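1. my questions concern the predicted model and sequence given below.
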2 protein chains.
Amino acid sequence: MELINTIYEMKQWSKERQNNSIAFVPTMGFLHIGHVTLLEHAKKIADKSVLSIYVNPSQFRPGEDLDKYPRDMEGDLKKAKNAGTDCVFIPDSNEIYPENYQTWIEVMELQKGLCGDSRPGHFKGVATIVCKLFNIVRPDFAIFGEKDFQQLAIIRQMVADLNMDIKIIGHPTIREENGLAFSSRNAYLTEKQRFDIAPNIYKTLLQALNIIKNGEKQAVNVENFIIKGLSVFKEFKIDYIFIGNKFTLKKTDIIDNNTIIAIAVWLGNTRLIDNAQLCSE
Amino acid sequence: MELINTIYEMKQWSKERQNNSIAFVPTMGFLHIGHVTLLEHAKKIADKSVLSIYVNPSQFRPGEDLDKYPRDMEGDLKKAKNAGTDCVFIPDSNEIYPENYQTWIEVMELQKGLCGDSRPGHFKGVATIVCKLFNIVRPDFAIFGEKDFQQLAIIRQMVADLNMDIKIIGHPTIREENGLAFSSRNAYLTEKQRFDIAPNIYKTLLQALNIIKNGEKQAVNVENFIIKGLSVFKEFKIDYIFIGNKFTLKKTDIIDNNTIIAIAVWLGNTRLIDNAQLCSE
């Protein structure tokens, strides 16, 4: 497994492998089983797999958790190696955003609403860093978890709109046995929050899917069902519940096969997101 | 010379020439000697040369000259062929900006001021279409005229910021014998405007360079000199006079070797731009 720190060397590495297919998994590090699954999938679908580890400052607002975002480089490299990763790109912020950096990409419609509302500027930072990493790594495939489904929709749209030659692959969310979606931010949770409270997010989503399967088609009723279900746990503060089209991210009144239910809740100082789809892709 | 209309075929063409170097000249058509010079230069520096002809609607504001922008496809193709161009890409707007298109690129600092002030949104449209064309054509070199020097600065910054692997080449402005910079918009001018009035823009710029060479270092004095020089011709309405750094596009008080003098004037309903550098690159 090769470790690369500079943009120049990363570009060279990819150029030398022009005749191989490359699958890319961009991350902010502190890898969990979800990431490892993406890396294993990368290995399966392409000749070479590349992981990037970069906590991108431009997708954090002042006051967000940039400084305390969990890091474990040693553990990350071990996990990447075990997953058969060929190359790990760990760029330096001074090179990614040099003095006088000033180019930003916005996916205007999809960045609105949901996480875009509570984290203004977040998706501009995400779109821009992903475009930069794509230009540096030049992958044939890039793999993202479906947990961050607004991010996934935005990257798909950017790649199509800017005519990039990269196939974007969404990978189903990996969960703990109790249903909690793996997330680096789970590290912020207390034992009680993590094992007793947080798993009820997905449990409630599954119950919501169930009442839909039993005939409920009104989004507003499903939303109220979720609010009621979560209200049992006073520790939750709901940020948003979104019931809408998984491609356009437009709210829906009547639920159909393209509907996704997405949710963000605060548990103490930690914001957790999750989602469930009527039909998976 | 190959003519290509679809994004897919253009990408294929470039892919098949992966082992050749490609030089690219993006234009809005209605080619003049300036463009032809760029095409000839492209032919010189690379194995293959590609011209694109696309009047990009997103860089025109409502009320600007999008609809009446001059077109001459037959003449353009003849000139491109004579310049030895290998491939002409003439995309369709429905494919460039499909329904639901929503991704935009902004070069935040350099798009301010100068032409950015009188044409808000213009450089967002320019940066975005150029990025798209770069991703479609995948050139090693791209050549732009120095006449549009703010555009050139913005594209250079975008390419560096987004880590694109393209060498951007600025080519000196090509002029009529009387000094008027070649521009597709010269077609809007009357005979009198074109031959008697418009050439005084560059004449005045040259006179300004001259007083600088003779010791004048105060930008404000040079600006007043230009205003006075142009005021002789009542047909001119000055849009802006910019005296500043040619890389950062920041105004300067004291003139130095990196100074550029750029000017935009209205002549009737036609807006003309030109510039002169203390030292050429």
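-> Received the coordinates, thanks.

2. only C-alpha atoms for contact and neighbour calcs from this point on.
-> Noted.

3. so which bits of the stretch 51-200 of chain A are right by chain B?
-> Contact residues, the stretch 51-200 of chain A versus chain B (CA under 8 Å from any CA of the partner chain): A:97, A:101-109, A:128, A:131-132, A:135-136, A:157-158, A:161-165.

4. now which of these would you call buried?
-> A:97, A:101-107, A:109, A:128, A:131-132, A:135-136, A:157-158, A:161-165 (16 or more other CA atoms under 10 Å in any protein chain shown).

5. so of these, which ones are in strands?
-> Under the assignment DSSP state E, those contribute A:103-107 to strands.

6. now the closest residue to A:E109 other than its chain neighbours: how far from A:A142?
-> Leaving aside its sequence neighbours, A:E109 sits nearest to B:Q102 (CA to CA, 6 or more residues apart in numbering or on different chains; 6.5 Å). B:Q102 sits 21 Å away from A:A142, going by CA to CA, to the nearest Å.

7. report the beta-bridge partners for the nearest residue to A:A127 once chain neighbours are set aside.
-> By the measure of CA to CA, 6+ apart, the closest residue to A:A127 outside its immediate chain neighbours is A:I105, 6.0 Å from it. Beta-bridge pairing of A:I105 under DSSP bridges involves B:I105.

8. before we move on, what about A:F141?
-> According to DSSP bridges, the partner residues bridging A:F141 are A:A23, A:K167.

9. distance of it from chain B?
-> Distance, A:F141 to chain B, using CA to the nearest CA, to the nearest Å: 16 Å.

10. phi first, then psi, for the residue in the stretch 151-281 of chain A positioned nearest to chain B.
-> Proximity of the stretch 151-281 of chain A to chain B (CA to the nearest CA) peaks at A:L162, 4.9 Å away. The phi/psi pair for A:L162 (degrees, to the nearest 10) reads phi -90, psi 10.

11. can you check the one 10 residues further on too?
-> Note on A:P172: backbone dihedrals following degrees, to the nearest 10 are phi -50, psi 150.

12. picking that back up, turn the ones in strands among the buried ones among the residues of the stretch 51-200 of chain A next to chain B into TSV, including distance to B:P57.
-> Formatted as TSV, those follow (distance: CA to CA, whole Å):
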residue	distance to B:P57
A:T103	21
A:W104	21
A:I105	19
A:E106	19
A:V107	19
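
13. just give the nearest non-adjacent residue to A:N258, would you?
-> Among residues not flanking A:N258 along the chain, A:N245 sits closest, at 5.5 Å (CA to CA, 6+ apart).

14. surely that neighbour and A:K251 touch.
-> Yes: in this structure, A:N245 is within contact of A:K251 by CA atoms under 8 Å, at 6.5 Å.

15. average model confidence for whichever strand or helix holds A:K228?
-> Assessed by DSSP states H and E, A:K228 sits inside helix A:219-231. Averaged over helix A:219-231, pLDDT sits at 97.

16. and if you look at stretch A:238-246?
-> Taken as a whole, stretch A:238-246 carries a mean pLDDT of 95.

17. check contacts around A:D256.
-> A:217, A:278 (CA atoms under 8 Å, 6 or more residues apart in numbering or on different chains).

18. equivalent analysis for A:I33, please.
-> A:174, A:182.

19. from A:L51, how far out is it?
-> 14 Å.

20. the residue with the largest distance to the centre of chain A: what secondary structure?
-> Relative to the centre of chain A, the most outlying C-alpha is that of A:G215, 30.8 Å out, by CA atoms, centre = their mean. Three-state call for A:G215 (DSSP: H, G, I helix; E, B strand; the rest coil): coil.

21. over to A:V265?
-> strand.

22. so it makes contact with A:F242?
-> No: the pair A:V265 / A:F242 is not scored as a contact, 11.7 Å apart, by CA under 8 Å.

23. phi first, then psi, for A:R271.
-> Listed backbone geometry of A:R271 is phi -100, psi 120, with angles given as degrees, to the nearest 10.

24. that one: how many residues sit nearby?
-> A:R271: 17 surrounding residues under other CA atoms under 10 Å in any protein chain shown.
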